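K.L.:
Sequence plus predicted model, see below.
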Amino acid sequence: MKTKIFLILIVFFSELFFGQSKISLSGFPDDKVMVIAHRADWREAPENSIPAIKKAIEKGVNMVEIDLALTKDNVLILMHDKTIDRTTTGKGSPSDYTIEEIKKLFLRDGLGVPTEMKVPTLSEVLDVTDGKIFINLDKAFDYFDLVYPILKEKKMFDQVLFKGTATYDEFNKKYGKIKDEIHYMPIVRLGSGEDWSKINGYLKNHKIYGFEFTIGPDENYLINFKEIQKSKIKIWVNSMWPQLCAGHNDDKIFENPDVYNWYPDHHVNMIQTDRPKELINFLKKKNLYFLNE
């Protein structure tokens with residue numbers, strides 16, 4: 001009997017101390033490049049789906065970007081578009097449906113073919129990602145009052161990155177009381193006239209996690225990211241389409257194997273991609289890849 005109790009205690013404390021590790025955005029190395037899968041790994045499974053997130057985890061992706069929407073009965077789900085027409089077997093706005101009704105629909109794959117997969121809730125997704133992969137929440141600004149208690153209950157603030165287009169004053173008004181609890185990343189569109197006023201607003205007033213920069217189709221508006229990094233702030237650039245990254249987009253990898261060199265050469269250390277496998281292979285060769293642990 002004593003032996004049985006002893007073995008049970010060993011299992012309990014092993015789970016407690018050596019079980020699922022908690023990954024940390026705060027602890028991600030500054031000298032490595034974070035790989036972010038756009039709408040999760042949508043080439044392998046429907047965008048914003050749990051299988052697409054699991055595929056990203058299998059590939060060693062550091063973070064998945066997901067989009068939030070709200071059902072009629074105030075449940076947060078993953079959905080990119082304003083309607084569910086393109087990505088599900090239903091039609092209309094997410095707010096036209098209760099969560100029970102949404103769960104009766106099926107997700108479509110990238111070609112529009114219905115699958116057997118369901119629309120996930122934010123809570124369901126966080127249960128899958130906890131301790132394995134970081135989350136970037138897009139379209140979450142309007143739903144923050146609903147997102148915050150979920151993250152607080154699950155103790156996942158250091159695994160989730162919020163982003164938005166807000167200026168510092170707008171951000172401070174919305175998040176002021178709890179801004180030190182969350183990781184936030186402003187989106188800055190270079191050449192829009194807002195760039196340096198927005199950048200300086202944050203640099204002078206609050207330690208953010210990073211800036212997401214939209215550069216344009218060429219380098220006419222490119223700035224010196226190295227200067228910003230001196231403040232221990234990360235630089236995020238999207239590689240999905242040429243108009244976001246001065247023409248150094250993912251699909252160029254098939255014409256020019258060195259296209260991704262542009263990112264570390266310009267001090268970019270967060271890349272959102274539609275080609276996570278190819279990007280990870282490149283970063284491994286350059287010793288710039290870090291596996292979440």
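P.N.:
All right, it came through fine. Residues are numbered from 1 along each chain as shown.
K.L.:
and Y175, what pLDDT?
P.N.:
As predicted, Y175 sits at a pLDDT of 88.
K.L.:
cool, G92 as well?
P.N.:
Confidence score, pLDDT, at G92: 98.
K.L.:
Same question for I99.
P.N.:
99.
K.L.:
go on, the one 4 residues further on?
P.N.:
In this prediction, K103 carries a pLDDT score of 98.
K.L.:
Could you do M270 as well?
P.N.:
99.
K.L.:
go on, I10?
P.N.:
42.
K.L.:
ok, now the one 5 residues further on?
P.N.:
Note on E15: pLDDT of 40.
K.L.:
What of P257?
P.N.:
For P257, the pLDDT comes out at 88.
K.L.:
can you give me phi and psi for it?
P.N.:
Dihedral angles of P257 (phi, psi; degrees, to the nearest 10) stand at phi -60, psi -20.
K.L.:
Q272 versus that one, what's the distance?
P.N.:
Using C-beta to C-beta, to the nearest Å, P257 is found at 20 Å from Q272. Using the backbone N, CA and C atoms, a C-beta is placed for each residue, glycine as well.
K.L.:
okay, the two: which has more neighbours?
P.N.:
Each of P257 and Q272 has its neighbours counted (other C-beta atoms under 10 Å); Q272 has more, 26 against 12.
K.L.:
can you pull the contacts of that one?
P.N.:
Residues in contact with Q272 (C-beta atoms under 8 Å, 6 or more residues apart in numbering) are I36, A37, H38, E65, N136, W236, V237, N238, S239, M240.
K.L.:
Ranking by neighbours, what's the top pick from those?
P.N.:
For those, neighbours were counted using other C-beta under 10 Å, and A37 has the most, 31 neighbours in all.
K.L.:
Quick check: neighbours of the helix or strand harbouring it in the sheet, parallel or antiparallel?
P.N.:
Assigned by DSSP states H and E, A37 belongs to strand 34-38. When pairing is defined by DSSP bridges, strand 34-38 lines up against strand 63-70 (parallel), strand 270-273 (parallel).
K.L.:
Give me the contacts around it.
P.N.:
28, 52, 56, 60-65, 134, 136, 234, 236, 238, 240, 269-274, 276, 279-280, 283, 289-290.
K.L.:
ditto for stretch 67-76
P.N.:
Under C-beta under 8 Å, 6+ apart, the answer for stretch 67-76 is 39, 48, 77-80, 94-99, 101-102, 121-123, 137-140, 143, 146-147, 150.
K.L.:
List the buried residues for stretch 187-195?
P.N.:
For stretch 187-195, the neighbour count (16 or more other C-beta atoms under 10 Å) marks I187, V188, R189, L190, D195 as buried.
K.L.:
Run the chain-centre distance for stretch 41-50.
P.N.:
How far stretch 41-50 lies from its chain's middle: 14 Å, per C-alpha atoms, centre = their mean, to the nearest Å.
K.L.:
With only the CA atoms kept, save it in CSV.
P.N.:
Only the C-alpha atoms of stretch 41-50 are listed here, as CSV (Å, rounded to 0.1, in the frame of the first residue of the first chain):
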residue,chain,number,x,y,z
ASP,A,41,-1.1,26.6,-41.5
TRP,A,42,-3.9,27.1,-44.0
ARG,A,43,-2.2,25.2,-46.8
GLU,A,44,-2.5,22.0,-44.7
ALA,A,45,-6.0,22.5,-43.2
PRO,A,46,-8.8,25.2,-43.3
GLU,A,47,-7.7,28.6,-42.2
ASN,A,48,-8.3,29.5,-38.5
SER,A,49,-9.0,25.9,-37.7
ILE,A,50,-7.6,23.7,-34.9
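K.L.:
That one: which residues count as buried?
P.N.:
D41, W42, E44, A45, P46, E47, N48, S49, I50.
K.L.:
Turn those residues into CSV, including distance to T89, pLDDT and secondary structure.
P.N.:
Formatted as CSV, the buried residues of stretch 41-50 follow (distance: C-beta to C-beta, whole Å; pLDDT from 0 to 100; DSSP: H, G, I helix; E, B strand; the rest coil):
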residue, distance to T89, pLDDT, secondary structure
D41, 22, 94, coil
W42, 17, 95, coil
E44, 20, 94, coil
A45, 16, 97, coil
P46, 11, 97, coil
E47, 15, 97, coil
N48, 15, 97, coil
S49, 14, 98, coil
I50, 17, 98, helix
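K.L.:
which one of the residues you listed is nearest K173?
P.N.:
Proximity of these to K173 (C-beta to C-beta) peaks at N48, which lies at 29.1 Å.
K.L.:
Next up, phi/psi of that closest one, please.
P.N.:
phi 60, psi 30.
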